[in-house]
Each structure stands twice: as structure tokens, then as C-alpha cells.
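Undergrad: Need coordinates for the below:
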Amino acid sequence: MSTSTWNKAGTWEERDCSQWAKDVLTTKLGAITCDHNEHTVKVSSVKSVTGNANILHARGKNRIGLEISFELSWEAVKADGKSADGTIKVTEMDETDVDDMDLQVIVKNNDGIDKNQAKKLGLALKSDIKKAFTDMMAEKIAETSIKEINLQKDVNDETMM
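TA: Numbering: from 1, shown residues only. This is a model prediction of the structure:
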């Protein structure tokens, strides 16, 4: 992120990227699917992604600041037709909570699958959910750094003329 003209020292600046984060997370979370204990487990829909996201520039470095909540619908199906579904909720998470994300897995239907096993199937999505968040944050940092490099290159090119 290039700092504003008033911030020559590059001390602290932040820019809102909440809508971008919500859009990217909705896409990434909605594409999650995995195999677990002979079941195909997937996110069937993204019910909501709410909160704030900012790109922060402090002491010459860019980072992401997040306060996000989300709710997903999930389903698990075994080849023999046994299935389960429900919701996954995270009521509050910030950029420091990604590794310790507290998922609330709710089983709504469990056709032929023990309820505890069904809950474990929903929890099987946790690593992919974490990856969606870390990938989103890395993409924004990389995108911001590339823009900063390109902006600096443009400034250098103009001063060379």
C-alpha cells in the first residue's frame, strides 16, 4: 500500500477493504470440499460473512486487520447414501485467531450417521476454512505490495524523464 502524500514517514495508515474481503471469503468458503472418513464433506452455501477488514501500513510494512463473523451450511455424504448436514458458525474472529478459530458446528440432519460422527464431519472443514482465510490475507498483502512497487516504479519513471 502506498501511503498518502501527507504520511511521508509511513508511520501508520489504514484503508478499508471490507467488501473485498467479504467477496473473496464468500467465494473461497463456498468452494470448500474435502474427503473425510469415506464421506465427501462440503460447504453447501455461505449464509453470511460480516465484519471489517483493513489493510494496515505501519513502520514500512503492510498487514491485514480483520474482525469477521460468518455462517456456512455444510453437508456430508457417504457413497452408501448416509448423510448429515448443518451449519458452521464463527461469531468473532480476528487476524490473530485464524489458527485457533472456534467453529461452532451444529448438526441439523443426520440420516444414518451418529450425531457425534456428524459433528466431526463438519469439523473436518476447519483446515480448509483456515486456508481460505490465510490465502485471502496473503493475496491482499501481495496485491498491495505489487501496487506499491508499480506505483513506485511509475514515480521513478516520471522523475527520470
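Undergrad: three-state assignment of residue 136?
TA: Following DSSP: H, G, I helix; E, B strand; the rest coil, residue 136 is assigned to helix.
Undergrad: tell me the contacts of it?
TA: 21, 24, 25, 28 (C-beta atoms under 8 Å, 6 or more residues apart in numbering). C-beta coordinates here come from the backbone N, C-alpha and C atoms, glycine included.
Undergrad: If we only consider the residues you listed, which is nearest to residue 89?
TA: Residue 89 lies nearest to residue 25 out of the contacts of residue 136, by C-beta to C-beta, at 14.3 Å.
Undergrad: hey, which strand is longest across the protein?
TA: If you go by DSSP state E, the chain has its longest strand at strand 39-58.
Undergrad: what packs against that one?
TA: strand 12-16, helix 18-30, strand 33-36, strand 61-78, strand 83-94, helix 115-123, helix 126-160 (3 or more C-beta pairs under 8 Å, 6 or more residues apart in numbering; DSSP states H and E).
Undergrad: May I see those organised as CSV, with distance to residue 45 added?
TA: Converted to CSV, the helices and strands packed on strand 39-58 look like this (distance: least, C-beta to C-beta, whole Å):
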stretch, distance to residue 45
strand 12-16, 26
helix 18-30, 7
strand 33-36, 13
strand 61-78, 4
strand 83-94, 10
helix 115-123, 14
helix 126-160, 14
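Undergrad: what residue lies at the spatial centre of the protein?
TA: residue 133 (2.6 Å; C-alpha atoms, centre = their mean).
Undergrad: Excluding chain neighbours, what is closest to that residue?
TA: Nearest residue to residue 133 in three dimensions, chain neighbours excluded: residue 98, at 5.0 Å (C-beta to C-beta, 6 or more residues apart in numbering).
Undergrad: Contacts only, for the one you found.
TA: Each residue near residue 98 by C-beta under 8 Å, 6+ apart is listed here: 130, 133, 134, 137.
Undergrad: Pull out the buried residues from the residues you listed.
TA: Buried members of the contacts of residue 98, counted by 16 or more other C-beta atoms under 10 Å: 133, 137.
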